[in-house]
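Asks: sharing a model that was predicted from the sequence below.
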Amino acid sequence: MAEFVVDETVDITDVVCPVTFVKAKVALEELNDGQVLSIRMNDGEPVQNVPRSIKDEGHQILKLIDNGDGTYNLIVRKAGE
């Protein structure tokens with residue numbers, strides 16, 4: 001059983017930094033506090049930068065899943081105000 005339920009999914013594999021974080025941030029802003037977002041991103045720069053940026057915004061990183069195909073899914077819980 002999963003310890004979280006994903007409410008929304010955003011795919012940012014088609015954009016490059018710094019747009020990756022912008023797109024992830026916009027998706028998070030559309031969620032209610034406490035909801036969970038799955039962000040699909042490419043290996044490399046996004047995996048290094050996006051989780052750190054999201055954490056800096058005060059959101060909770062639940063899990064980083066290696067999809068085994070050069071992409072990752074970052075599971076984030078939106079922080080309350």
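Replies: Alright, I've got the coordinates.
Asks: quick check, central residue of the protein?
Replies: Geometric centre of the chain, nearest residue: Ile39, 3.7 Å, by CA atoms, centre = their mean.
Asks: can you confirm that residue is in a helix?
Replies: No. Ile39 is assigned strand when assessed by DSSP: H, G, I helix; E, B strand; the rest coil, not a helix.
Asks: all strands for this protein, in order.
Replies: Remark: strands assigned in the chain by DSSP state E are 8-11, 36-42, 60-66, 71-77.
Asks: list the buried residues for the first one?
Replies: Read it as strand 8-11. Residues of strand 8-11 classed as buried by neighbour count (16 or more other CB atoms under 10 Å): Val10. (C-beta placed from N, C-alpha, C; glycine too.)
Asks: do the same with stretch 4-17
Replies: Neighbour-count burial for stretch 4-17 [16+ other CB under 10 Å]: Val10, Ile12, Val15, Cys17.
Asks: stretch 49-62 now?
Replies: In terms of neighbour count (16+ other CB under 10 Å), stretch 49-62 has its buried residues at Val50, Pro51, Ser53, Ile54, His59, Leu62.
Asks: quick check, distance from that stretch to the centre of its chain.
Replies: Chain-centre distance of stretch 49-62: 8 Å, with CA atoms, centre = their mean, to the nearest Å.
Asks: what's the span of it from first residue to last?
Replies: End-to-end distance for stretch 49-62: 16 Å, by CA to CA, to the nearest Å.
Asks: tell me where the model's unsure across the protein.
Replies: Along the chain, the model assigns pLDDT under 70 to residues 1-2, 81.
Asks: looking at the buried residues of stretch 49-62, spot the one nearest Gly80.
Replies: Of all these, Gly80 sits closest to His59, with 10.1 Å by CB to CB.
Asks: am I right that that closest one is in contact with Val76?
Replies: Yes. The pair His59 and Val76 qualifies as a contact (CB atoms under 8 Å) at a distance of 5.3 Å.
Asks: shared neighbours, those two?
Replies: Leu28 (CB atoms under 8 Å, 6 or more residues apart in numbering).
Asks: turn the buried residues of stretch 49-62 into CSV, columns for distance to Val6.
Replies: Output for those, formatted as CSV (distance: CB to CB, whole Å):
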residue, distance to Val6
Val50, 16
Pro51, 16
Ser53, 20
Ile54, 15
His59, 14
Leu62, 10
